[in-house]
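Peer 1: structure for this input, please:
(one chain, ligands or ions: 2)
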Amino acid sequence: MNQDKHITIIGAGLAGALLATLLAQRGWTVDVFERRGDPRLHGYAGGRSINLALAERGLHALRQAGADAGVMQQAVMMRGRMVHPLGGEPELQRYGRDDSEVIWSINRGELNIVLIEAAEAAGATLHFDRRLDSVDFDRRTLVVKGDAHEDTHPFTALVGADGAGSTLRAQMALYTDLGERIEWLDHGYKELEIPPGPGGRFRIEANALHIWPRGHYMCIALPNDERTFTVTLFMPHAGPHPSFETVPDGDAARVFFEQEFADAVPLIPRLEDDYDGNPVGSLATLYLERWRLDGRAVLVGDAAHAMVPFHGQGMNCAFEDCVALADALEAHGGFEAAFAAFERERAPNAAAIQHMALENYIEMRDRVDDGDYRLQRALELLLQERHPGRFVPHYAMVSFMRIPYAEALARSEIQRGILQRATHGIDALDAVDWPAIDADILAHLAPLHDTPA
Ligand code: FAD
Ligand code: E1W
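Peer 2: Residues are numbered from 1 along each chain as shown. Ligands and ions are numbered 1, 2, ... in the order given. The predicted structure is shown next:
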């Protein structure tokens, strides 16, 4: 075996399977160890239909691997957010200018299967039911367990794609200080299901991400290709408002939903069973000062930078990591230089999207249904037309473009100031002082350069 082009990946989840594909396609010998069983044989762990929003960054990475067509077959287009106010009609707020600026809802299990098949087709070797247990970085061996098995394998270099609770990260931390800090969100989440309606049709608008903003908590719903929706309730774990403490079970949930999400109640026939049967998930941001142990191991995706889900970018960012790492391994001689270049490129961008994801929770749960927010979104669209290639709405920079997240964040902060100054004390766009805004934009925003395809 060519030791220089051999790599071992921990985790065949979203990032692990995509990275295995990209590297195997470039002539690498790739071994992947995955704790779970092969989802093609036993179905995807959990069995529930959980979906994710795929945006341009993730889609572009899938194109690099030639896996986009297989994924898009199952995808449902989402044109915008459908906001359901308390006691009012739902309203669609478009994400972009037209149907070329949309995002896609995809099933996590189906996506993982497409990527696992791509990895094997490219020549990677996947070992299922093999959980990483420990690593001896001095001897360069690792121990994996599963099926009453315990094996020791030699490795050349390791990539940790084993998610937020990464075992590889914990093993690396025994050899070097990674500067790890976890910030738990005091809100958790619970998933519920909207089954198909009469005639097997979607019960609510299929091509949207539905949001029920309620100030300190919210529900969202994403469509599945089998005509169901997965609803997610985000709410504090504890405390007096509504919280998972004050709404402890299915019966309490029905009363709560009748008060707060009345239009959703008839859509969720198994509300009590779903609420009682599904766990409350926890959410956190994981900050690391270092992502690698010299040239012996590096972390990608959630293992390196788990984030809260409110921008729908965790997987998209993990996929961008995979392309960046595969490129760095091709561009640099030796693992140490490649891992260092990868970390240098990605760490500031991961930090930027982690920050934007936290900010977006407050935006989604509290602001999407107020007049000021809608005025600023409408103004963003007009400014995009007036200053093409210079003023691009925040959401578009994150979801429809591939400029580095750190640049999107810096520009968004400048634009927020411009929008605030422009809308200060006015409540309609016809009162806007256009010459003043134009001058503000030209003074503070340089022309933007997107990465070419
Ligand atoms: P994972 O997908 O967690 O994969 C890790 C893999 O490693 C798993 O297969 C696991 O079994 C395996 N593994 C773990 N430990 C071991 C071990 N010791 N040995 C071997 N294998 C191991 N992102 C988006 O882009 N869009 C969204 O809409 C979105 N919505 C979300 C909603 C919620 C409620 C949450 C919680 C997250 C959401 N995300 C979303 C984020 C997204 O789920 C993650 O960012 C993404 O799954 C990260 O991929 P990963 O491959 O790094 O980790
Ligand atoms: C998306 C879980 C999740 C996933 C998402 C999004 C949101 C709110 C949530 C962010 C968004 C797609 N978002 N939606 N509308 N404005 N921002 O774009 O993935 Cl909670």
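Peer 1: pLDDT wise, what is the residue lying closest to E330 once chain neighbours are set aside at?
Peer 2: Setting aside the residues directly before and after it, E330 is nearest to R26 in space (CB to CB, 6 or more residues apart in numbering), at 6.2 Å. Quick note: C-beta positions are derived from backbone N, CA and C, even for glycine. Taken from the predicted model, the pLDDT recorded for R26 is 98.
Peer 1: what distance do you get for R26 to I7?
Peer 2: 11 Å (CB to CB, to the nearest Å).
Peer 1: of these two, who's got more company?
Peer 2: Neighbour count, other CB atoms under 10 Å: between R26 and I7, I7 has more, with 24 against 14.
Peer 1: quick one: list the elements packing against the strand or helix carrying that one.
Peer 2: Element membership of I7 [criterion: DSSP states H and E] is strand 6-10. Applying 3 or more CB pairs under 8 Å, 6 or more residues apart in numbering; DSSP states H and E, one finds that strand 6-10 contacts helix 14-25, strand 29-33, strand 158-160.
Peer 1: which residues sit against the last one?
Peer 2: Where contact means CB atoms under 8 Å, 6 or more residues apart in numbering, the residues beyond strand 158-160 that reach it are 7-11, 16, 19, 135, 142, 166, 168-169, 172, 296-300, 303-304, 325.
Peer 1: what's the answer for the first one, then?
Peer 2: Where contact means CB under 8 Å, 6+ apart, the residues beyond helix 14-25 that reach it are 7, 9-10, 12, 30, 32, 34, 61-62, 64-67, 108, 111-112, 115-116, 118-119, 122-124, 126, 159, 161-162, 300-302, 315, 318-319, 321-323, 325-326, 329.
Peer 1: which among those count as buried?
Peer 2: 7, 9-10, 12, 30, 32, 34, 61-62, 64-65, 67, 108, 111-112, 115-116, 118-119, 122, 124, 126, 159, 161-162, 300-302, 315, 318-319, 321-323, 325-326, 329 (16 or more other CB atoms under 10 Å).
Peer 1: mind checking which of those residues are in helices?
Peer 2: Applying DSSP state H to the buried ones among the contacts of helix 14-25, the entries found in helices are 61-62, 64, 108, 111-112, 115-116, 118-119, 302, 315, 318-319, 321-323, 325-326, 329.
Peer 1: please work out the average pLDDT along the helix or strand harbouring R416.
Peer 2: With the criterion set as DSSP H and E, the secondary-structure element containing R416 is helix 405-423. For helix 405-423, the mean per-residue pLDDT is 97.
Peer 1: quick one: is that helix near ligand 1?
Peer 2: No: Helix 405-423 lies apart from ligand 1 when judged by CB under 6 Å from any ligand atom; the minimum separation is 12.5 Å.
Peer 1: which helices and strands does that helix pack with?
Peer 2: On a contact count with 3+ CB pairs under 8 Å, 6+ apart, helix 405-423 meets helix 335-362, helix 371-386, helix 394-399, helix 434-444.
Peer 1: so which of those helices is nearest R227?
Peer 2: Each of the helices and strands packed on helix 405-423 was checked against R227 via CB to CB, and the shortest separation belongs to helix 394-399, namely 24.7 Å.
Peer 1: for the closest one, packing partners?
Peer 2: Where contact means 3+ CB pairs under 8 Å, 6+ apart, helix 394-399 is packed against helix 405-423.
Peer 1: how far off centre is the helix it packs on?
Peer 2: Relative to its parent chain, helix 405-423 has a centroid offset of 22 Å by CA atoms, centre = their mean, to the nearest Å.
Peer 1: any residue of it touching ligand 2?
Peer 2: No: with CB under 6 Å from any ligand atom as the criterion, ligand 2 is not reached by helix 405-423; the gap is at least 12.6 Å.
Peer 1: quick one, that helix and helix 371-386 angle?
Peer 2: 110 degrees (axes from the mean of the first three to the mean of the last three CA atoms, to 10 degrees).
Peer 1: where do the strands of the stretch 101-250 of the chain begin and end?
Peer 2: Under the criterion DSSP state E, counting those that start in this stretch, the stretch 101-250 of the chain contains strands at 103-107, 125-127, 131-136, 141-146, 149-154, 158-160, 181-194, 209-213, 218-223, 229-236.
Peer 1: past the helix or strand of the chain with the lowest mean pLDDT, which element shows up next along the chain?
Peer 2: With mean pLDDT, DSSP states H and E as the measure, the helix or strand of the chain carrying the lowest mean pLDDT is helix 39-42 (a mean of 92). Following helix 39-42 in sequence order, the next helix or strand is strand 51-54 (DSSP H and E).
Peer 1: counting contacts, what elements does that next one pack onto?
Peer 2: Strand 51-54 sits against strand 103-107, helix 108-121, strand 218-223, helix 314-331, with contacts defined as 3+ CB pairs under 8 Å, 6+ apart.
Peer 1: make TSV out of those and add mean pLDDT and distance to I211.
Peer 2: Supplementary listing: these in TSV, determined by pLDDT from 0 to 100; distance: least, CB to CB, whole Å:
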stretch	mean pLDDT	distance to I211
strand 103-107	98	13
helix 108-121	97	20
strand 218-223	98	5
helix 314-331	98	18
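Peer 1: that older thread, out of the helices and strands packed on strand 6-10, which is closest to Q376?
Peer 2: Ranking these by their distance to Q376 (criterion: CB to CB) puts helix 14-25 first, at 33.1 Å.
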